[in-house]
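**Q** Sequence and predicted structure are below.
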Amino acid sequence: MSLPARNYRLLGSLLANAASADASGVVLKALHQAAREEGKSLGQGSGELLPLLDELGYEPQADAQGEITMGNCPFHMVAQHQTQLVCSMNLQLVSGALEGCQMDCGLAELSPRPGRCCVVVHPH
């Protein structure tokens with residue numbers, strides 16, 4: 001059995017454009033809440049942050065001081081056109097994962113740099 005083609009890039013682009021067009025901020029707030037809750041749920045299921053982030057496609061790398069940078073943005077195709085929306089969603093997703101893993105291993109913050117994801121986890 002063969003399935004017809006799926007176009008998740010178009011879906012992501014349409015949803016991101018709709019969220020960005022919402023001047024009230026209601027959609028953005030809902031996106032942030034959903035991302036944080038999903039991250040928390042994923043973190044609870046995993047229990048370990050680095051393997052979870054790797055599974056999600058972030059390609060996490062921890063340095064000697066414990067700072068975690070993400071070598072890849074799993075939402076890069078949409079982030080190219082809706083950078084602020086996707087980066088703020090990424091921040092909430094990773095923050096939720098930290099909370100869900102119940103690890104006091106750091107604080108996620110935005111630190112955009114070319115060639116990697118905008119989120120960095122700083123150790124406490």
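**A** Yep, it's here.
**Q** Buried residues, the host helix or strand of Ala16. List them.
**A** Element membership for Ala16 (DSSP states H and E) is helix 8-21. For helix 8-21, burial by neighbour count (16 or more other Cβ atoms under 10 Å) applies to Gly12, Ser13, Ala16, Ala19. (Each C-beta comes from the backbone N, C-alpha and C, glycine too.)
**Q** Tell me where this protein has helices.
**A** Along the chain, counting by DSSP state H, helices occupy 8-21, 26-46, 49-55, 76-79, 83-100.
**Q** what would those look like in CSV with mean pLDDT?
**A** CSV is the format used below for those (pLDDT from 0 to 100):
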stretch, mean pLDDT
helix 8-21, 91
helix 26-46, 95
helix 49-55, 95
helix 76-79, 92
helix 83-100, 95
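**Q** residues contacting the residue nearest the centre of the chain?
**A** By Cα atoms, centre = their mean, the chain has its centre lying nearest to Asn90, at 2.5 Å. Contact analysis of Asn90 by Cβ atoms under 8 Å, 6 or more residues apart in numbering lists Ala35, Cys73, Phe75, Cys117, Cys118, Val119.
**Q** The first one contacts Leu93, correct?
**A** This points to Ala35. Yes. Counting by Cβ atoms under 8 Å, Leu93 is a contact partner of Ala35 at 4.3 Å.
**Q** the more surrounded of these two?
**A** Counted by other Cβ atoms under 10 Å, Ala35 and Leu93 do not tie: Leu93 has more neighbours, with 27 against 20.
**Q** quick one, what contacts that one?
**A** Leu93 neighbours (Cβ under 8 Å, 6+ apart): Ala35, Arg36, Glu38, Gly39, Leu56.
**Q** Of these, which is the most crowded?
**A** Gly39 (27 neighbours).
**Q** Can you get me a residue count around Glu99?
**A** The local packing of Glu99 (other Cβ under 10 Å) involves 16 other residues.
**Q** who touches it in this structure?
**A** Arg36, Gly39, Lys40, Gly43 are the contacts of Glu99 under Cβ under 8 Å, 6+ apart.
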